[in-house]
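when you get a sec, could you give me coordinates for this:
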Amino acid sequence: MESNSPLQLTALNAVHKALGAKMVPFAGYEMPVQYAGVTVEHHAVRQAVGVFDVSHMGEFYVEGPDALAFLQSVTSNDVSKLFAGKVQYSCLPNDEGGIVDDLLVYCFSETKYLLVVNASNMAKDWNWLMGKKGNWDVQMTDHSAETSLLAVQGPLAAKALQALTDLDLDSMSYYTFGVGSFAGFDDILVSATGYTGAGGFEIYMPNSCAERIWKAIFQDGESFGIVPVGLGARDTLRLEMGFCLYGNDINDSTSPLEAGLGWITKFTKEFTNSAALKAQKEAGVTRKLVGFELLDRGVPRHDYPITDASGTPIGVVTSGTMAPSVGKAIGMGYVPTELSAPGSTIFVEVRGKLLKAEVVSLPFWKVN
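Sure, this is the predicted structure:
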């Protein structure tokens, strides 16, 4: 998206503005970054329930006799393990050892899948997949422009939503989905997924019914303390869980193995650049993405230098914040493998000062 291109608007843009949201450009869209405030919204999701408009995400359907084989060849995870109603986290490796994008794969059947990709990568992903399609007997359709997506997250999400749907939300295990009626509309996809670590659901719908579904969710959720939540709290929530953000923690030059995504990189099959990645696994990576907590006072931010005790640069901060649930300044970044074990000491350069930090195991925030 060129910087001078007009920002795209989600179907709920007017709703956000009426609620007093602070709107910012994000991935080519005008999106709400906060309403009442990042910390307030963050705690609402951890303790009760909050709603994010994430309609900027991309939705591609892949259908046809070769759908399974095609996705096996372009994604790192093992799509053959999926069954109807199951979701999988995966990535699209590139030919140079990096990652085109990370994504969710929804399985309707062995001949029909939905790929949910990052907003900033929609065009890149589409072109990449079309370039890999070759002679595979598959049809791809892009439903991104006509699809709205709400993430209803938090421990009270199921209670807040259950009266609106004929799907049994309590029985839906993590990373499964169902299609049913929701707020009076048919064929709405509801999945037990999210980017917060607080539990909850993501609801896919046509743009035409987004505003009515949003209002129904808030009406039914009022007694559970439901609040609208912006991208600011979405970032602090995901970072407390150690979830990667494309463009920060992973990109075209980061290996999934370096990023701690070996668990979605399955060498029981061949996929794009799998031979090179397998060789990297066998040889061992030279750097790893780690989580760290600052021991000195300060806040790490994206692109701040990570150094050793002498101030020699050894990496950069990929994500950082003052974490509301943890009460500490936390971050992630790539460091040499020998400094990647929990308990290792590293330093972050903040405004010319070297602040001491300790590598810790992820996630930062753990459910009690």
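
I figured Asp296 hits Arg351, correct?
No - if you go by CB atoms under 8 Å, Asp296 and Arg351 don't touch, sitting 12.0 Å apart. Where C-beta positions appear, they are placed from N, C-alpha and C, glycine not excepted.

more neighbours, these two?
More crowded of Asp296 and Arg351, by other CB atoms under 10 Å: Asp296, with 13 against 7.

next one, pLDDT for the more buried one please.
For Asp296, the model assigns a pLDDT of 97.

which ones are touching it?
Applying CB atoms under 8 Å, 6 or more residues apart in numbering to Asp296 gives the contacts 355-357.

equivalent analysis for Leu103, please.
Leu103 touches 75, 89-92, 115-118, 125, counting by CB under 8 Å, 6+ apart.

rewinding a little: Phe201: which of the contacts of Asp296 is nearest?
Comparing these against Phe201 with CB to CB places Ala357 closest, at 35.2 Å.

per the record, what domains does this structure have?
Residue ranges for each domain of the chain read 1-241, 286-360, as given by automatic domain parsing.

switch these over to CSV; also include distance to Lys278.
As requested, the domains of the chain are exported to CSV (distance: least, CB to CB, whole Å):
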stretch, distance to Lys278
domain 1-241, 11
domain 286-360, 16
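
checking my notes, Trp214 in a helix, right?
Yes - counting by DSSP: H, G, I helix; E, B strand; the rest coil, Trp214 is part of a helix.

so it is in contact with Val51, correct?
Yes - assessed by CB under 8 Å, Trp214 is found in contact with Val51 at 7.3 Å.

anything in contact with each of those two?
What both Trp214 and Val51 touch, as defined by CB under 8 Å, 6+ apart, is the set Leu150.

and the strands in the stretch 1-150 of the chain, which stretches?
Using DSSP state E, counting those that start in this stretch, the strands of the stretch 1-150 of the chain run over 8-9, 22-26, 29-34, 50-53, 58-63, 86-93, 99-109, 112-117, 139-142, 147-153.

hang on, the earlier thing: in strands, which of the contacts of Asp296 fall?
Cross-referencing the contacts of Asp296 against strands under DSSP state E gives 355-357.

for ChimeraX, what selects the buried ones among the residues you listed?
The command below creates a ChimeraX selection of those among the ones in strands among the contacts of Asp296 that count as buried (16 or more other CB atoms under 10 Å):
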select :355,357
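
show me where the stretch 201-350 of the chain has helices.
According to DSSP state H, counting those that start in this stretch, the stretch 201-350 of the chain carries its helices in the segments 210-221, 231-240, 274-283.

can you tell me which of the ones you listed is most buried?
Comparing those by mean neighbour count (mean count of other CB atoms under 10 Å), helix 231-240 ranks first with a mean of 24.

that one packs against which elements?
Packed against helix 231-240 by the contact rule (3 or more CB pairs under 8 Å, 6 or more residues apart in numbering; DSSP states H and E) you find strand 29-34, helix 38-47, strand 50-53, strand 313-323, strand 328-336.

to Arg234, which of these lies closest?
Judging those by CB to CB, what sits closest to Arg234 is strand 50-53, at 5.8 Å.
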